[in-house]
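> got a structure for you, letters missing:
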Ligand SMILES: Cc1ncc(COP(=O)(O)O)c(C=O)c1O
């Protein structure tokens, strides 16, 4: 069976060009970048090149990039890095758990946290950020794009508010990298997180932008790597992969490949709307990343539809990768006021660079039938449709 992979917000395939760029650093060109012999020097040069590429993607200086093990570490380093006991932090109800649970931990050690609500589209109101400011506010952490719905937050407005208030501003751009142009100066952020495996680099590598002059307490204590901001021997092959992915992502924003993905996503949404009754796109009426759609199918539990699609070789997600399977309904959709039932009856489809238009066709070929089958099996649906109960087998 040909697998149709539409769960790229969970993780992406490492592109062949990225595997090729990384391979020598496992084998013939391995080395510790702190060593002063030739292999060490070559590994250091590879890190420098990758740092330039990542800085190019984000519009910052190479020295402002700290390599990390991924989005979770980047978010933790940013959030814990600039606060102290007694600090106040402003965040939103729809952040990834890497930010939400970091904030929860900060509360246990004497910080206070304001979690701002979102509107029905899933968007934070910048005025609410302004009103939440207190004399003790040290950090605003609001994501650039949401992982479940793809909704884009008004980060430039929030950046201006943070600058006026002289408060550090962190944005989790894990789901924006490779999908939207990112310019840290236009956003006005001091800290910005990305994660390689969300844009075709391997899992376990990422970067945190740290604006020059931002005092950052490290999470890792050890050697002087990353200018003392993140101790530990660097993951050279992973970082080389991240650098290559950054180059490919920057090209993709120019060469039409991201626009093509957006067109397929739009086609998928329109065709689902035409073919299936009682569906709605969660967060559709605002700006979204081009690859993501989160769709509500009335009377169809998201997990049941996910498993039915999986049997057909189609991988999608019912909630964020980390909360999927936890039994909890999406904190993002419930924060949007969509209700427990709607949150449980929604699925996320997220496209990536390796998808083809045929993948959209493959979904459209089976989805209407699967939705109808699950609806027919739902007593609630049958009651609503005033159908007689399914006869005993
Ligand atoms: C918005 C967002 N932030 C952070 C993370 C965590 O990234 P990682 O899996 O690299 O730790 C994810 C992963 O799903 C994410 O979507």
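Okay, I see it. Every value quoted in this text rests on a predicted model; they were computed, and no experiment measured them. Numbering: from 1, shown residues only.
> Run through the residues that contact residue 241.
Counting by Cβ atoms under 8 Å, 6 or more residues apart in numbering, residue 241 makes contact with 14, 18, 19, 21, 22, 196, 201, 202, 205. All C-beta atoms are positioned from the backbone trio N, CA, C, and that covers glycine.
> 10 Å - rerun?
14-15, 17-23, 25, 50, 196-197, 200-202, 204-205, 235 (Cβ atoms under 10 Å, 6 or more residues apart in numbering).
> Check residue 310 too.
Taking Cβ under 10 Å, 6+ apart as the test, what residue 310 contacts is 3, 316.
> just the buried members of the contacts of residue 241?
14-15, 18, 21-22, 25, 50, 196-197, 200-202, 205, 235 (16 or more other Cβ atoms under 10 Å).
> for residue 33, helix, strand, or coil?
Three-state call for residue 33 (DSSP: H, G, I helix; E, B strand; the rest coil): coil.
> wouldn't it be in contact with residue 232 here?
No. When contacts are counted by Cβ atoms under 10 Å, residue 33 is not listed as touching residue 232 (11.4 Å).
> the more surrounded of those two?
Set residue 33 next to residue 232 and count neighbours by other Cβ atoms under 10 Å: residue 33 wins out with 19 against 14.
> gap between the more buried one and residue 44?
4 Å (Cβ to Cβ, to the nearest Å).
> that older thread, next, show the common contact partners of residue 33 and residue 232.
With Cβ under 10 Å, 6+ apart as the test, residue 33 and residue 232 both reach residue 225.
> what's near enough to touch the residue of the chain found nearest the ligand?
Going by Cβ to the nearest ligand atom, the ligand is nearest to residue 71 of the chain, at 2.3 Å. Going by Cβ under 10 Å, 6+ apart, residue 71 touches 96, 98-99, 147, 172-175, 177, 193-198, 206-208.
> I'd like to know which residues of the stretch 101-250 of the chain are adjacent to the ligand.
The stretch 101-250 of the chain comes close to the ligand at residues 143, 147, 172, 174, 175, 195, 197, 206, as judged by Cβ under 6 Å from any ligand atom.
> And the residues you listed, which two are furthest apart?
Within those, 143 and 197 form the most distant pair, 17.1 Å apart (Cβ to Cβ).
> how close does the closest residue to the residue of the chain closest to the ligand other than its chain neighbours sit to residue 142?
Spatial nearest neighbour of residue 71, chain neighbours left out: residue 195 (3.4 Å); criterion: Cβ to Cβ, 6 or more residues apart in numbering. According to Cβ to Cβ, residue 195 and residue 142 sit 17 Å apart.
> Those two: which has the busier surroundings?
Taking other Cβ under 10 Å, residue 195 and residue 142 do not tie; residue 195 has more neighbours (29 against 25).
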